[in-house]
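1. Fold the following.
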Amino acid sequence: MKRLILFSVLLISTGAFAQKQNKTRNLVDYVNPLMGSASHYDLSNGNTYPAIALPWGMNTWTPQTGKMGDGWQYTYDAYKINGFKQTHQPSPWMNDYGQFAIMPVTGHLKVSQNGRASWFSHKAEISKPYYYSVFLADHNVTTEITPTERTAQFRFTFPKSDSSYIIIDAFDKGSFVKIIPGENKIIGYSTKYARGPLKNFKDYFVIYVDKPISIAQTYSDSTLTDSLSLHAKHVMAVIGFKTKDGEQVHMRVSSSFISIEQAELNLKREQGKDSFDVTEQKAKQVWNKTLNRLVVEGGTVDQMRTFYSCLYRMLFFPNKLYEIDANNQIVHYSPYNGKTMPGYMFAGTGFWDTFRALYPFLNLVYPDINKEMQQGLINDYKEGGWLPEWSSPGYSDVMVGNNSASVVSEAYLKGERGYDINTLFDALVHGANNEGPRATGRKGVEYYNKLGYVPYDVKINESAARTLEYAYDDFAIYKLGKALHKPDSVINIFKTRSMNYKKLFDPSTGLMRGKNKDGSFETPFNPFKWGDAFTEGNSWHYTWGVFHDIQGLVDLMGGKKQFIAKLDSVFTLPPIFDDSYYGEVIHEIREMQIVNMGQYAHGNQPIQHMLYLYPYAGEPWKTQYHVRDVENKLYMATPDGYCGDEDNGQTSAWYVFSAMGFYSVCPASDQYVLGAPLFKKLTINLENGKKVVLNAPNNSDTNLYINSMTVNGKPYDFNWLSHSALMKGAVINFNMSSQPNKQRGIKTVDFPYSLSNEK
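-> Presented below is the predicted three-dimensional model:
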């Protein structure tokens, strides 16, 4: 009987799949936007918030549980909501810009954040990428939100009350509101931002409500004024009306960084006369179309939820800063000169995080949007004089490295065309040879170009991390220059400098170590010390940061056997640490300490590629084991589902790449390093119409090793896949087993690319 039932189920599911395979699948409902939201200053489980937006949309909305200006704007264990906020926040550490909040209230009017706040429960909360709903218990109001790229619709369900209100909070730092009751309209702007300076910065908004306004008030902070138009440090508007039990009040909201008129245009273009439900369905369709680039099958429900929740999180940053004007021209507010300028612009990403996996993923799966991003980088350079390393929305003085070199070079090397790549190459050379404002260019460049490293003892923080990243960035510039047929006199210096990582290798410890100006190593040296010579990590994390020349690192360590032993040591060492540089246990340290993986600190970016280094020394099965272990232990579509900061899609991109079965160790090369697939089947629907189909029918929790594989029907023993080959379409079949095949991928010819092996 059981066999008969099972056979019937298989028939039904097979038939259902046959009907669906040529249609867009409803994948968006696997997404949990609350994944990673149970986070705090001292322990990050993602540091995310439920983002209600379209992919790469200019504006995002979120319920706000934190105080105005607090980067932790929504935390899962909070119990009160004080507003629904338009946000552009990439992370709590970067905080926000382009922000204002809306809050429905009833009864005795209190406009302050604490006064208007309401208890809520996750039991009465629905969070989806395209729709959010929550019951505000203190006001007996249900709030619903659905987005477009630059606008949103709200639907409030009020109780019977003669004191129903909606508060519009334009925040402090200088704001403006004007209520126009005859048009059921509120206009205004907010100037609040966290990272600057920004010239002429205003986030203009236009709001329409579909119910006549019977009460109209403005407040300077919490003080009522007698004007319907107010400019002050902190301005709020209140509109009010009587409502019947269950009455729905609709609100249309739009914003612009250019003008009130542009905000009106954005509203007209993106919403027209669409109802809330139509806007919601359109948003859902966009999400499903975008997520359907990757279709996974043969995993558990939890794995499906985790996969698509990570993919969702990868599709926000950098967000569009550009708008479409009345002449249908693409324009943007420039954070560099404060003017309205032609062309694309994006904002809200840090290349220190995202060059590693997010941008490689965009180049593979969503190259069209990355082409827009490259065009935006041209405008960054033309308007500001530098490529950004962290944009939020202009230059932000955080993190290290010159990793715009990787982002720019990789896009062209992997096939992006149709934009001014020569200007971008000039921008890379300029950034590599100069130090710019707010983390642009290269800090310590005069030392690096003269000595081959940034010295430890010249009062430039995190010197070893800078040196290692500059060396990889030099490799990226060299590869791009070579592809563009630039003269050897221009590009060979970058090839030479890409070997500068060797100057920091200490043979006595087998680790990277800060080096003084006179050529001596820093003393004393504690490889467990976080920060100091390194960035949010220690020597055990950064020693592996030679993305472009792992063979060179193998040679420095004395060969494959010693290299493998060093990799293994990361997991067998205890999770000890020295936090003296910071004077406290920063959250990244704590996240390493508590997951019981030795010195492996997956919660931060510097070491995330390290699991994929075993194939460079002939033991690929260890990558297969460790990657599956991290996937199973450190990711889950729950509020505590990450093991550190999600960081603009990077930590999610590691998971999604790894679930596909490969990872981009060296983005500025043509290769992905093989791990092993997580699902029985995964289809990549490439933008060019081709498909990459990854089959692993006997994949399971125990069958996690690759016994053998074929690519387009031919046996395949290499430990890497070619990007250019994948873009032509491919069928890759994995035969998985419960025991590692220690004869596969062990020949030198099977190893991934290293510059030292370049002929």
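2. doesn't Y344 fall inside a helix?
-> No. The assignment for Y344, made by DSSP: H, G, I helix; E, B strand; the rest coil, is coil rather than a helix.
3. ok, it - contacts?
-> The contact partners of Y344, by Cβ atoms under 8 Å, 6 or more residues apart in numbering, come to Y322, I330, H332, E372, M373, Q375, G376, N379. Just so you know, the C-beta spots here come from the backbone N, C-alpha and C atoms, and that holds for glycine as well.
4. Make a markdown table from these and add distance to N735 and pLDDT to it.
-> Putting those into a markdown table (distance: Cβ to Cβ, whole Å; pLDDT from 0 to 100) gives the following:
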| residue | distance to N735 | pLDDT |
| --- | --- | --- |
| Y322 | 47 | 98 |
| I330 | 49 | 98 |
| H332 | 50 | 98 |
| E372 | 40 | 98 |
| M373 | 38 | 98 |
| Q375 | 43 | 98 |
| G376 | 44 | 98 |
| N379 | 49 | 98 |
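5. So which of these sit within strands?
-> Y322, I330, H332 (DSSP state E).
6. quick one: the closest residue in space to the second one that isn't next to it in sequence from T354, how far?
-> Here the nearest residue to I330 in space, its sequence neighbours aside, is Y322; by Cβ to Cβ, 6 or more residues apart in numbering that works out to 5.4 Å. Relative to T354, Y322 is positioned 19 Å away (criterion: Cβ to Cβ, to the nearest Å).
7. one step back: which strand residues sit across from the residue nearest to I330 in the sheet?
-> Beta-bridge partners for Y322, by DSSP bridges, are H332.
8. My read is that L224 contacts Q217, right?
-> Yes. Contact criterion Cβ atoms under 8 Å: L224 and Q217 qualify, at 6.0 Å.
9. quick one: which of these two has more around it?
-> Legend: neighbour count by other Cβ atoms under 10 Å for L224 and Q217, higher for Q217 (20 against 12).
10. Distance-wise, check the more buried one relative to F100.
-> The gap separating Q217 from F100 is 17 Å, by Cβ to Cβ.
11. And for K450, the neighbour number?
-> Residues near K450, counting by other Cβ under 10 Å, number 8.
12. can I assume it sits in a helix?
-> Yes. Assessed with three-state DSSP, K450 lies in a helix.
13. need the longest helix for the chain.
-> For the chain, the helix that runs over the most residues, judged by DSSP state H, is helix 463-483.
14. Report the buried residues of that helix.
-> Neighbour counts using 16 or more other Cβ atoms under 10 Å place 463-481 of helix 463-483 among the buried residues.
15. before we move on, the earlier item: can you flag the buried ones in the contacts of Y344?
-> If we count by 16+ other Cβ under 10 Å, these have these buried: Y322, H332, E372, M373, Q375, G376, N379.
16. wait, what's in contact with the fifth one?
-> Q375 sits next to G343, Y344, Y419 when contact means Cβ under 8 Å, 6+ apart.
17. switch the cut-off to 10 Å
-> Contact partners of Q375, counting by Cβ atoms under 10 Å, 6 or more residues apart in numbering, are Y322, I330, G343, Y344, M345, F346, E416, G418, Y419, D420, L424.
18. cool, the third one as well?
-> With Cβ under 10 Å, 6+ apart as the criterion, the residues that contact E372 are W56, P318, K320, Y322, I330, G343, Y344, M345, F346, Y419.
19. Could you say which helix or strand holds the first one?
-> Looking back up the chat, that one is W56. W56 belongs to no helix or strand when elements are defined using DSSP states H and E.
20. can you pull the contacts of it?
-> Per Cβ under 10 Å, 6+ apart, neighbours of W56: 149, 290, 315-320, 346, 348, 362, 366, 369, 372-373.
21. In strands, which of these fall?
-> Short answer: those in strands (DSSP E) are N319, K320, F346.
22. can you give me the strands for the stretch 451-600 of the chain?
-> 505-506, 511-512 (DSSP state E, counting those that start in this stretch).
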